[in-house]
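> I'll drop the sequence and a predicted model, then ask my questions.
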Amino acid sequence: MEFSISKQNLVKLLGPVSAIADQKTAIPILSTVLVQAEGETLQATATDLYRTRVCVAEAAVTKPGAAALPGKKLHEIARNLPNAMVDVCVRDETTGIRCGKVKYTIQAMPASEFPPTPQCVDGETTTVPASILSSLVGMVRHAMCDNESRPHLHGALFEGADQVLRLVSTDGHRLCRAESVVEAKGMNFRHLVPYKGVDELRKMMDESEQVKFAFRSTHMFVWSGRSLLVIKLTGGDDYPPYSRLLAVPTSASLVVDRASLFDALKRVALVAEGTNSGVGLTVEPGVLKIFASTTVGTGTEEIEVELDGAPITVGFNAGYLMEALSALSENRVVIKLGDEKSPAIIAPVEGCDFVEAVMPMHM
């Protein structure tokens, strides 16, 4: 295999795939990137058997072929080459790289040892604006469960029905749902997409204005620009009934400036020994008092609110509340409270269709 490619295109090609190639894997071939040269294109593929990423770039191919090359090392070499054309020649298990006066020789593995990429068989695909999918992922990402020992929660639930694209995530302490109306075909699915797959999908959203995806029995396929991402699915049939949690009875509803509440939580949490410690919220007509009392000391702050309902005092994880507020861009949010054992329901007053339930803490 022989080809020439600009340093810029080579770095852009290898960046996404090298992030998946795992140097610490017990299976050596998974630390490589499959490089395939044919016609006027160079294709790079990497997989950890749960995620497969395929990227394509233009190249001058003089001898078609394929080889599995060390992914992260090849990307590191490419990033440090001078800005010039890069000539690559693979002979048996030896790869020669030349760029100006710089020369490298690295080992290659046979392409035949690289795992095959899952194929998307016939069926419907769904095309949506990348900005919408990126926004939905961004709103639910913070609440995703990253614990692989809890496969029924691990990742984000993707639902499509009645022209509504919905993403749901929960780690057992908070649950959020974000949705958007889209006019697209193939909107009839319900699958749990694993954490690492969602994270990789998020990285693709700036490659094209439109993103196309399809669900098959065992995999999700995502196309953006000249890239393909294949994610192995883990289920979704036993996902918690999230609608029930989001519909709990409430006794008080307060409207507050999002930035003011975030800043107040951040300041009081300094005394609460970190953002993952508990803070108390006391809501009274016109005012919300945030307080914390620990061995370090005490802290309080009051901000203005609009209260509809009875006064209440309840404790929460400050970090969870701050992450929920950070997921939004709207200026005003509404927080609904039930009692000291009920979750807080957080949503924007107007704007995006987002809601999050945060479980309380004992103070």
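Alright, I've got the coordinates.
> where along the protein do the helices fall?
Chain-ordered helices for the chain, with DSSP state H as the definition, fall at 7-18, 71-79, 130-140, 195-203, 242-246, 258-271, 318-326.
> what residues sit buried inside the third one?
In this case it means helix 130-140. By neighbour count with 16 or more other CB atoms under 10 Å, helix 130-140 contains the buried residues 130, 132-140. In this view, the C-beta of every residue, glycine as well, is placed from N, C-alpha and C.
> got the angle between that helix and helix 318-326?
Orientation of helix 130-140 against helix 318-326 (axes from the mean of the first three to the mean of the last three CA atoms, to 10 degrees) gives an angle of 160 degrees.
> the residue lying farthest from the centre of the chain and Ala60, how far apart?
Counting by CA atoms, centre = their mean, the extreme residue of the chain relative to its mean C-alpha position is Lys101, 40.6 Å from that point. For Lys101, the distance to Ala60 under the criterion CB to CB, to the nearest Å works out to 20 Å.
> with Ile77 instead?
Note on Ile77: its distance to Ala60, by CB to CB, is 19 Å.
> looking at those two, which one has more neighbours?
A direct count of neighbours by other CB atoms under 10 Å for Ile77 and Ala60 places Ile77 higher, at 20 against 14.
> skipping adjacent residues, who's closest to Leu325 in space?
The shortest distance from Leu325 to any residue that is not its chain neighbour, by CB to CB, 6 or more residues apart in numbering, is 4.7 Å, and that residue is Phe262.
> which residues touch the one you found?
For Phe262, the residues meeting the contact criterion (CB atoms under 8 Å, 6 or more residues apart in numbering) are 322, 325-326.
> so which of the residues you listed comes closest to Glu304?
The shortest distance between Glu304 and any of the contacts of Phe262, using CB to CB, involves Leu325 and amounts to 16.2 Å.
> hmm, that closest one is touching Val333, no?
Yes. With the criterion set as CB atoms under 8 Å, Leu325 and Val333 qualify as a contacting pair; they are 6.8 Å apart.
> higher neighbour count, these two?
Here Leu325 and Val333 are compared on neighbour count by other CB under 10 Å; more neighbours surround Val333, at 23 against 20.
> burial check on the closest residue to that one other than its chain neighbours, number of neighbours?
What sits nearest to Val333 in space, not counting adjacent residues and going by CB to CB, 6+ apart, is Arg258, at 4.9 Å. Arg258: 19 surrounding residues under other CB under 10 Å.
> correct me, but Arg258 touches Leu328?
Yes. The criterion here is CB under 8 Å, and Arg258 meets it with Leu328 at 6.2 Å.
> nearest to Tyr50, of the helices of the chain?
Closest approach to Tyr50 among the helices of the chain is made by helix 195-203 (6.6 Å; CB to CB).
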